[in-house]
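Chemist: quick check, what structure comes out for this input:
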Amino acid sequence: MPIPAKSKGRVLVAMSGGVDSSAAAALLVDQGYEVIGVTMQVWDYSSCNIEEGAGTCCSSSDVDDARSVADLLNIPFYVINCEDEFKEKVIDPFVSDYMAGRTPLPCVNCNTYLKFDRLIEKMQELNCDYLATGHYAQIVHDKNGDAAIVTSTDDWKDQTYFLFTLPKDILNKILFPIGHMNKTDVREYSLKKNLVVARKKDSTGICFVGDKGYANFIRDNYPAAPVKTGNLRLYPSGAVLTQHQGIHNFTYGQRKGLGISSEQPLYVVKVDAESGDVWVGEEKYLFTQKMTIENCHWHKNISPEERLCVKVRYAHKGGEATIEHVEGSIYNVYFSEPQRAITPGQAAVVYDGARLIGGGWIR
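Modeler: Got it, this is the predicted structure:
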């Protein structure tokens with residue numbers, strides 16, 4: 001179908017059924033784009049006890065909400081069943097990482113392999129000029145027209161941390177319509193547009209886990225997953241405190257649920273996947289100034305002299321660091337000040353001021 005003469009271009013909008021992506025679609029319509037909505041159904045909530053709409057995304061009720069918004073906006077709407085891809089690319093690696101003593105970050109894999117991979121294919125199939133999402137992030141262009149990702153106006157909601165794997169060559173095709181807004185403004189705009197999702201609660205946590213916890217999710221859905229048991233040891237002495245029922249029940253910095261009592265607070269400071277031992281110790285042992293990251297993605301070249309800001313988890317404010325290339329896609333990161341609970345399996349995401357530079361996975 002031809003693009004109307006006054007259209008700014010054809011945009012495929014990823015609509016999760018939440019307020020942010022719905023507002024993104026409405027804004028693009030208002031701005032004169034030809035908008036097409038698409039929802040990915042990634043998880044069969046009928047197979048578990050998670051209540052749809054209670055912190056979920058892309059469930060059948062969320063698909064219905066997205067379709068209602070598309071109908072109100074009078075835009076075409078598609079649903080793509082991505083359950084098999086989601087299991088292969090997101091859920092299976094999530095379980096594998098936990099069983100190997102790491103703490104995974106499935107939202108990055110979802111962005112990498114579905115939202116900005118599968119949907120790019122759909123964008124091209126429908127002859128769209130752009131792909132838009134409801135992420136709190138912004139795209140800026142330099143004088144040469146090169147695109148870069150920068151942080152959202154809303155610091156609290158900023159989601160650039162989850163976008164470091166986006167290939168640089170697709171950034172000119174990406175739109176983040178609400179990246180210049182804060183959450184309150186998004187909800188007010190949605191109310192003004194009479195969007196059915198204007199007051200819908202935000203999705204929280206890991207969408208396919210819900211509030212029952214990752215260990216219970218693994219037990220219920222992957223009963224054959226190999227469990228690595230071992231000793232709970234005191235760091236640094238190595239004294240055995242008790243036995244534990246699996247390394248997947250622990251993550252760096254964890255204080256509660258250790259299965260022991262102590263006169264002083266103890267935290268998980270090390271997980272040895274090979275031996276099965278989990279080490280606990282005083283909080284001071286959680287701090288370190290060096291880490292190694294792998295499978296790195298960069299939006300620009302960096303030098304070991306640059307002082308950059310590196311976040312080791314989504315809620316981390318970031319620490320000043322220099323980054324040194326080791327080999328291949330492996331880099332060492334040296335912080336100016338010790339950082340707490342640097343956790344294998346999480347992402348280390350690098351910024352130069354507000355600009356997203358790239359990042360990698362913590363070893």
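Chemist: only C-alpha atoms for contact and neighbour calcs from this point on.
Modeler: Noted.
Chemist: so in that sheet, which strands flank whatever helix or strand Val13 lives in, and in what orientation?
Modeler: Using DSSP states H and E, Val13 sits in strand 10-14. When pairing is defined by DSSP bridges, strand 10-14 lines up against strand 34-41 (parallel), strand 130-132 (parallel).
Chemist: can I get those strands in TSV with mean pLDDT?
Modeler: Listed next are the strands paired with strand 10-14 as TSV, based on pLDDT from 0 to 100:
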stretch	mean pLDDT
strand 34-41	95
strand 130-132	98
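Chemist: can I get the ones you listed in TSV with distance to Val95 and mean neighbour count?
Modeler: As requested, the strands paired with strand 10-14 are exported to TSV (distance: least, Cα to Cα, whole Å; neighbours: other Cα atoms under 10 Å):
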stretch	distance to Val95	mean neighbour count
strand 34-41	20	24
strand 130-132	30	25
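Chemist: quick one, which of these is nearest to Lys201?
Modeler: Among the strands paired with strand 10-14, the nearest to Lys201 by Cα to Cα is strand 34-41 (18.2 Å).
Chemist: export the strands paired with strand 10-14 to JSON lines and tack on distance to Ala354?
Modeler: Shown next, in JSON lines, are those (distance: least, Cα to Cα, whole Å):
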{"stretch": "strand 34-41", "distance to Ala354": "29"}
{"stretch": "strand 130-132", "distance to Ala354": "21"}
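Chemist: which of the ones you listed sits closest to Asn231?
Modeler: Nearest of the strands paired with strand 10-14 (Cα to Cα): strand 34-41, 40.9 Å.
Chemist: following that closest one in sequence, what is the next regular element?
Modeler: Strand 34-41 is succeeded, C-terminally, by helix 60-73 (DSSP H and E).
Chemist: show me what that following helix is packed up against.
Modeler: helix 19-30, strand 34-41, strand 77-81 (3 or more Cα pairs under 8 Å, 6 or more residues apart in numbering; DSSP states H and E).
Chemist: give me the contact list for that helix.
Modeler: By Cα atoms under 8 Å, 6 or more residues apart in numbering, the residues outside helix 60-73 that reach it are 15-18, 22, 26, 29, 37, 39, 41, 45, 52-53, 56, 76-77, 79, 195-197.
Chemist: for the nearest residue to Tyr235 once chain neighbours are set aside, list the residues it contacts.
Modeler: Nearest residue to Tyr235, sequence neighbours excluded (Cα to Cα, 6 or more residues apart in numbering): Gly281, at 4.9 Å. Contacts for Gly281 (Cα under 8 Å, 6+ apart) come out as Leu234, Tyr235, Pro236, Leu266, Tyr267, Val268, Val269.
Chemist: inside helices: which ones of these?
Modeler: Using DSSP state H, no member of the contacts of Gly281 falls within helices.
Chemist: report the buried residues of stretch 113-126.
Modeler: Tyr113, Leu114, Lys115, Phe116, Arg118, Leu119, Ile120, Lys122, Met123 (16 or more other Cα atoms under 10 Å).
Chemist: out of those residues, which comes closest to Leu356?
Modeler: Phe116 (16.5 Å).
Chemist: how about the closest one: what's its closest non-neighbour residue?
Modeler: Leu166 is the one closest to Phe116 (Cα to Cα, 6+ apart), at 7.1 Å.
Chemist: wait, isn't that neighbour in contact with Thr112?
Modeler: Yes - here Leu166 reaches Thr112: they are 6.5 Å apart, a contact under Cα atoms under 8 Å.
Chemist: who are the packing partners of the helix or strand containing Ile120?
Modeler: Per DSSP H and E, Ile120 falls inside helix 119-125. Contact analysis of helix 119-125 by 3+ Cα pairs under 8 Å, 6+ apart lists strand 10-14, strand 130-132 as its packing neighbours.
Chemist: for Thr251, which three-state class applies?
Modeler: Assigned by DSSP: H, G, I helix; E, B strand; the rest coil, the conformation of Thr251 is coil.
Chemist: ok, it - contacts?
Modeler: Gly101, Arg102, Thr103, Val268, Val271, Thr343 are the contacts of Thr251 under Cα under 8 Å, 6+ apart.
Chemist: as TSV, those residues with neighbour count, distance to Val186 and pLDDT would be great.
Modeler: Below are those laid out as TSV (neighbours: other Cα atoms under 10 Å; distance: Cα to Cα, whole Å; pLDDT from 0 to 100):
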residue	neighbour count	distance to Val186	pLDDT
Gly101	26	39	92
Arg102	25	36	94
Thr103	22	32	94
Val268	26	39	98
Val271	23	42	96
Thr343	24	33	97
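Chemist: of the strands paired with strand 10-14, which is nearest Gly213?
Modeler: Per Cα to Cα, nearest to Gly213 of these: strand 34-41, 21.8 Å.
Chemist: quick one: the closest one to helix 60-73, angle?
Modeler: Interaxial angle, strand 34-41 versus helix 60-73 (axes from the mean of the first three to the mean of the last three Cα atoms, to 10 degrees): 170 degrees.
Chemist: just the angle between strand 34-41 and strand 77-81, please?
Modeler: Using the same axes, to 10 degrees: strand 34-41 against strand 77-81 is 30 degrees.
Chemist: how is the spatially most central residue of the chain assigned, secondary-structure-wise?
Modeler: When Cα atoms, centre = their mean is applied to the chain, the residue found nearest the centroid is Cys107 (3.1 Å). Secondary structure for Cys107, judged by three-state DSSP, is helix.
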